[in-house]
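> generate a structure from the sequence data that follows.
(4 chains)
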Protein chains: 2
Amino acid sequence: MKRRNTATKDAVLSVIETSGKAMSQTAIEEKIGVAINRATIYRVLNRYCEDGILHRIAADNGRQYFAICVKCDKAEESPHHFHFRCEKCDTIECLPIPVNFALPKDYQLTQVNCVLSGVCKDCA
Amino acid sequence: MKRRNTATKDAVLSVIETSGKAMSQTAIEEKIGVAINRATIYRVLNRYCEDGILHRIAADNGRQYFAICVKCDKAEESPHHFHFRCEKCDTIECLPIPVNFALPKDYQLTQVNCVLSGVCKDCA
DNA sequence: TTATTAATGCGATTGAGTTGCAATAATGAG
DNA sequence: CTCATTATTGCAACTCAATCGCATTAATAA
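Modelled structure (predicted):
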């Protein structure tokens, strides 16, 4: 299914880029300025994830956050990193800390989701 | 608020103990045999978490899982470990792999939630 | 045995995320 | 540029996990 360029898609990506952090649908809707339907935002986010533009973080508050990871397209040896969710400003940022582990024999890995929570340096 | 002993509480803990893994409310309700209200199960689970009997794992499928961690009461230096969620049998197990990281300056940590997903050794 | 109040069941509610469907609009062909 | 195709959007309804209010039940201590 070929993608089309729309103002909505650009606006969503732009808001996330500007924030420099991972954002939830709610946060995006608040910051985006124009009125965009909730379902549309989710669809845009999901498409970006499919296309490898964004990555999805499942936070311990049960919500999904979406981030542009600069490392994603660089084919690094350690694509998995920790995330930090600030309970005060409700944002998630990608920490430059690789996640290291040795999975036991016969386990097959498809997803890594590591989120540390607390108060970030800006809110401390 | 003083706790009271009830058959429900014992049954919930027993099911989790028997499974040896982390379980969701749904899984507990299925396995427990007797009919216990959904809200009650959640309340029991939340109370056990408050009391330090269980710990809560927020999985990347958006659901909560509850586990008895044998290490919880041993005051280890590394209480945080990885969890593995099997996408086939829908269980989560605590892996004996410590989570190591050095949080940047001025960050305050309150929660660690690390979940690896894929197929476990029993389902491979 | 009785009073206190924690625990439970039920139904309603919240909140995140998804889906069906009709309307709109981006793109490529002519 | 015009038109047809179909991706995208908005809206409303819906699913699912989890919570909450309230009346009822039952564990505990006096």
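> give me the buried positions along the lowest-mean-pLDDT helix or strand in chain A.
When the helices and strands of chain A are scored by mean pLDDT, DSSP states H and E, strand A:91-98 comes last with a mean of 91. By 16 or more other Cβ atoms under 10 Å in any protein chain shown, the buried positions in strand A:91-98 come out as A:T91, A:I92, A:E93, A:C94, A:L95, A:I97. C-beta here means a position set from N, CA and C on the backbone, and glycine is covered the same way.
> for B:R63, state which of these is nearest.
A:I92 (19.0 Å; Cβ to Cβ).
> tell me the residue furthest from the middle of chain A?
What lies farthest from the middle of chain A is A:K105; by Cα atoms, centre = their mean that is 29.9 Å.
> how about the contacts made by that residue?
Each residue near A:K105 by Cβ atoms under 8 Å, 6 or more residues apart in numbering or on different chains is listed here: B:K121.
> okay, strands next: where are they in chain A?
Using DSSP state E, the strands of chain A run over residues A:55-58, A:64-67, A:81-86, A:91-98, A:108-119.
> ok, and does the first one reach over to chain B?
Yes. Strand A:55-58 lies in contact with chain B when judged by Cβ under 8 Å from any Cβ of the partner chain; the contacting residues are A:A58.
> can you check the pLDDT for A:K2?
Looking at A:K2, its pLDDT is 86.
> ok, A:K31 to DNA strand C distance?
Relative to DNA strand C, A:K31 is positioned 15 Å away (Cβ to the nearest atom of the strand, to the nearest Å).
> do A:I68 as well
A:I68 is 17 Å from DNA strand C, where distance means Cβ to the nearest atom of the strand.
> likewise for A:T110?
Taking Cβ to the nearest atom of the strand, one finds A:T110 at 17 Å from DNA strand C.
> residues contacting that residue?
Residues counted as contacts of A:T110 (Cβ under 8 Å, 6+ apart) are B:E87, B:S117, B:G118, B:V119.
> do the same with A:Y48
Contact analysis of A:Y48 by Cβ under 8 Å, 6+ apart lists A:K9, A:V12, A:L13, A:L54, A:F66.
> who in chain A is up against DNA strand D?
Chain A has residues A:1-4, A:6-9, A:35-40, A:43-44, A:47, A:62 near DNA strand D, with proximity defined as Cβ under 7 Å from any atom of the strand.
> buried subset of the residues you listed, written for ChimeraX?
For anyone working in ChimeraX, the buried entries among these, judged by 16+ other Cβ under 10 Å, can be selected with:
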select /A:8,9,36,44
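> tell me which residues in stretch A:107-122 are buried?
Using 16+ other Cβ under 10 Å as the test for burial, stretch A:107-122 gives A:Y107, A:Q111, A:V112, A:N113, A:C114, A:V115, A:L116, A:S117, A:G118, A:V119, A:C120.
> so which of those residues are also by chain B?
Restricting the buried residues of stretch A:107-122 to those near chain B - Cβ under 8 Å from any Cβ - leaves A:Y107, A:Q111, A:V112, A:N113, A:C114, A:V115, A:L116, A:S117, A:G118, A:V119, A:C120.
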